[in-house]
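sequence and predicted structure, then a few things I'm wondering about:
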Amino acid sequence: MDKILSYITGSQIWKSIFRHGYPDTPRNRTLAVLSNVVLHLHPVKVRRSGIRLSYTWCMGGLTFFLFLIETITGLLLMFYYRPTAELALQDIVALREHVPIGVMREVHRWSAHLMVITVWLHMYRVFLTGSYKPPREFNWNVGVILLVITLLLSFTGYLLPWDQLAVWAITVGTNMARATPFIGHEGPGAALVGFGGLQMVHAGDDVRFGLLAGRFVGEGALLRFYVLHCLGFPLVAASLMALHFWRVRKDGGISGPL
Amino acid sequence: MPQFLKDLIDAATAPIPYTVLTTLLLGAVLYFRKILTHPVVFTAVSVLITLFFVLAFKDPNFNKIITKPDNVPILILIATILFFTWLSLRRAVLNDERTKRGEPTLEGELSKKKVFTWPDLVFTEFICMLLFTALLMVWSIEIQAPIEEAASQARTPNPSKAPWYFLGLQEMLVYFDPWIAGVLLPSFIVVGLMAIPYLDVNPKGNGYYTFEERPFAISFFMVGFLLLWVSLVIMGTFLRGPNWSFFGPFEYWDPHKLEPMVSINLSEYFWVKALGKYLPANPIVREIPGLLMLGAYFVVVPVICAKTIFKKMLAEMGMVRFYIFMHLLLWTALVPMKMVLRWTINLKYIVGIPEWFLNV
Ligand code: HEM
């Protein structure tokens, strides 16, 4: 057994991947973190206080973990789902009935809900430990944008099943855009936008129309939400997360008493 | 569960008692935090809450809202919020006691030592991920994601609700013009959150749990997050039924339940009810009482506060920070005030100038 193991770990293939022995010595533990692309998000050594579950609640980490789950299950869902008014609902139903291990949609939906909760709790924890105070002011702001993006990701995904629940929730949620000052046709100041008695903001060209590609939640909205949900917001979220994690490191790691 | 208890809970979750009780609860928890966060008290309360849910589960009306698949997350939200609020306050109490005795905080003591990421941190993360994966698998196999009939523009479901995390904002639509509820208030929330690190100039309490070193910041954040966001999400999910009427958790969601909705504007209260005159035709004259009140609220109140209760704060923060903060604080306070005015005296708008979309 030992012989086989040492043969494997001594082989050129193994050595080309792992540049250190089992991480049980300080040197190897350092190398384990430094030479692994995922682990090197972490510093080599951390303050004892920062890694206690009762301090961070692991909520930022879990939010990231849920984001990864969403990426994987979302990718699988995209194989089966076509974003058209005719096919969307049908594909969602078929997903449960005809696809083996058809729980991907469940995992995707429940993780999305959980992610909203974990991101709120993460913010709550960061506030309660005063971790937004200098030097972490900027990272708190990156976090606030991430919070908004997380909600938007969830919101755009809510429409995709294209059933009554989805369409009406999005209708309620986007109705307010009609009332945006100046650029919504039922908003204050909209009447002022125009010249010589020629109105410029109508139901057919205001901000809600731009969002939904129509006067109501129809096929245009479905496609727009689909693209934003599967590509637009995930890209923004992933970039901001990279920035967020990098800043956690640059700001001196998880906060602790100065 | 006996009927009188159900009736009592239905009565306690009517809007006014609900607001009063949740506010009192938060106040009590913060004030009596030393006793109330004692593990024994916390365990007892948790057992009681669990018992309540187990007993209430049998009630058909309660069961119907609780077991809606999309409402399961709200139960998780309630449980985690309660737990983590307790945990943070407990840690704060312990740390504050340590500080008083002249000892370093728990975090301070632990942070003297540094440990290797591998294995200490990596394993914690790994176990968290395993637990979450297991939880998600069980949840996903047990509870199917909801799917309803095909979308139709012709049939509006009653009630029509936004996704649960936006229900606090949907609630605002009842009290404010759509552009205020749907555009202005969310913008204030985001801007307000972003402004926090620049407005809070208190250098203490960075990197450890404490209450006594920053009582105002923590109380204010908890009011905003727990009472004005999470609690409104809970209200919107469980207590708002057809036609957006209020229902107790054990009440049948009767679409014909009528609420007296004869809310009237402040201008009518002033000109018609108090002075016995007709409403003036000129909107400015008509809305003078409300305009004066709002003007006083947003201009005079900050100045008075600056001279009295917040004198020290002004000195610490400087003018610019202070007035931005006051503005955000006043908007935060306006929300519950407006809600209570609607519920008690049926006040529709303090200033109602539909001609200019200025309905506050
Ligand atoms: C998609 C959303 C987010 C992800 C994936 C994320 C992830 C993380 C992770 C992994 C950490 C390391 C410490 C920990 O786990 O607590 C962290 C720290 C931090 N996060 Fe986030 N976060 C997100 C959103 C937010 C939000 C909404 C805020 C605040 C409004 C925020 C503010 C911060 C700050 C200030 C730190 C440094 C805390 C410290 O040093 O103790 N983040 N984040």
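Thanks, I have the structure now.

what are the ranges of the helices in the stretch 251-360 of chain B?
Remark: helices assigned in the stretch 251-360 of chain B by DSSP state H, counting those that start in this stretch are B:266-267, B:283-286, B:288-295, B:301-307, B:311-317, B:319-345.

residue A:68 in helix, strand or coil?
Following DSSP: H, G, I helix; E, B strand; the rest coil, the label given to residue A:68 is helix.

distance of it from residue A:119?
Separation of residue A:68 from residue A:119 (Cβ to Cβ, to the nearest Å): 14 Å. To be clear about C-beta, it is placed using only N, CA and C from the backbone, and glycine gets the same treatment.

compare the two (neighbour count), which wins?
Legend: neighbour count by other Cβ atoms under 10 Å in any protein chain shown for residue A:68 and residue A:119, higher for residue A:119 (25 against 11).

please verify my assumption that that one contacts residue A:147.
Yes. Taking contacts as Cβ atoms under 8 Å, residue A:119 lies within contact range of residue A:147: 5.6 Å.

most proximal residue of chain A with respect to the ligand?
Nearest residue of chain A to the ligand: residue A:143, at 2.1 Å (Cβ to the nearest ligand atom).

residues contacting residue B:345?
For residue B:345, the contact set (Cβ atoms under 8 Å, 6 or more residues apart in numbering or on different chains) comprises residue B:269.

ok, now with 10 Å
By Cβ atoms under 10 Å, 6 or more residues apart in numbering or on different chains, the contact list for residue B:345 reads B:263, B:264, B:266, B:269.

joint contacts of residue A:119 and residue A:147?
Common neighbours of residue A:119 and residue A:147 are listed as residue A:63 (criterion: Cβ under 10 Å, 6+ apart).

mind listing residues that contact stretch B:65-75?
Applying Cβ under 10 Å, 6+ apart, the external contacts of stretch B:65-75 come out as A:106, A:109-110, A:112-114, A:116-117, A:158, A:165, A:169, B:53, B:56-57, B:59, B:64, B:139, B:142-147, B:161, B:163-165, B:167, B:230, B:233-234, B:236-239, B:241, B:247, B:249-250, B:253.

for chain B, which residue gets nearest to chain A?
Going by Cβ to the nearest Cβ, chain A is nearest to residue B:182 of chain B, at 2.4 Å.

pull out the buried residues from stretch B:119-134.
Buried residues in stretch B:119-134, counted by 16 or more other Cβ atoms under 10 Å in any protein chain shown: B:120, B:121, B:122, B:124, B:125, B:128, B:129, B:132.

keep only these that also lie close to chain A.
Among these, proximity to chain A is found for B:120, B:121, B:122, B:124, B:125, B:128, B:129, B:132 (Cβ under 10 Å from any Cβ of the partner chain).

among the residues you listed, name the ones in helices.
Cross-referencing these against helices under DSSP state H gives B:122, B:124, B:125, B:128, B:129, B:132.

ok, the nearest residue to the first one once chain neighbours are set aside - contacts?
For residue B:122, ignoring the flanking residues on the chain, the nearest one in space by Cβ to Cβ, 6 or more residues apart in numbering or on different chains is residue A:39 at 6.7 Å. Under the criterion of Cβ under 10 Å, 6+ apart, the neighbours of residue A:39 are A:23, A:32, A:33, B:117, B:118, B:121, B:122, B:125.

repeat that for residue B:116.
By Cβ under 10 Å, 6+ apart, the contact set of residue B:116 is A:23, A:26, A:28-30, A:32-33, A:42-46, B:122.

ditto for residue B:90
A:54, B:33, B:34, B:36, B:37, B:38, B:39, B:42, B:209.

same question, residue B:120
A:29, A:45, A:46, A:48, A:51, A:52, B:114.

what does residue A:130 give?
If you count contacts by Cβ under 10 Å, 6+ apart, residue A:130 has them with A:136, A:255, B:197, B:200, B:202-210, B:213-214, B:217-218.

at 8 Å instead, please
Shown in contact with residue A:130 (Cβ under 8 Å, 6+ apart): A:255, B:204, B:205, B:206, B:207, B:208, B:210, B:214, B:217.

check what pLDDT it gets.
At residue A:130, the predicted lDDT confidence score is 95.

from residue B:196, how far out is it?
Computed as Cβ to Cβ, the residue A:130 to residue B:196 distance reads 10 Å.

picking up where we left off before, from the contacts of residue B:116, which would you call buried?
Among those, those classed as buried by 16+ other Cβ under 10 Å are A:23, A:28, A:29, A:30, A:32, A:33, A:42, A:43, A:44, A:45, A:46, B:122.

among those, which lie within helices?
A:28, A:29, A:30, A:32, A:33, B:122.

residue 104: what's it in contact with?
Defaulting to chain A. A:73, A:76, A:77, A:95.

wait, chain B
Applying Cβ under 8 Å, 6+ apart to residue B:104 gives the contacts A:257, B:98.

now it, what's its secondary structure?
Relying on three-state DSSP, one would call residue B:104 coil.

which stretches of the chain aren't confidently modelled?
You didn't pick a chain, so chain A it is. Counting by pLDDT under 70, the ranges of chain A that qualify are A:191-201, A:204, A:258.

um, chain B though
Where chain B drops to pLDDT under 70, the residues are B:259-261.

in it, which spans are strands?
Ranges of strands in chain B, per DSSP state E, are B:114-116, B:352-353, B:358-359.

what would the ones you listed look like in TSV with distance to residue B:318?
As requested, these are exported to TSV (distance: least, Cβ to Cβ, whole Å):
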stretch	distance to residue B:318
strand B:114-116	38
strand B:352-353	35
strand B:358-359	32
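
residue B:148 contacts residue A:168, doesn't it?
No. Contact between residue B:148 and residue A:168 fails when scored by Cβ under 8 Å: they sit 9.4 Å apart.

thank you kindly, that will do.
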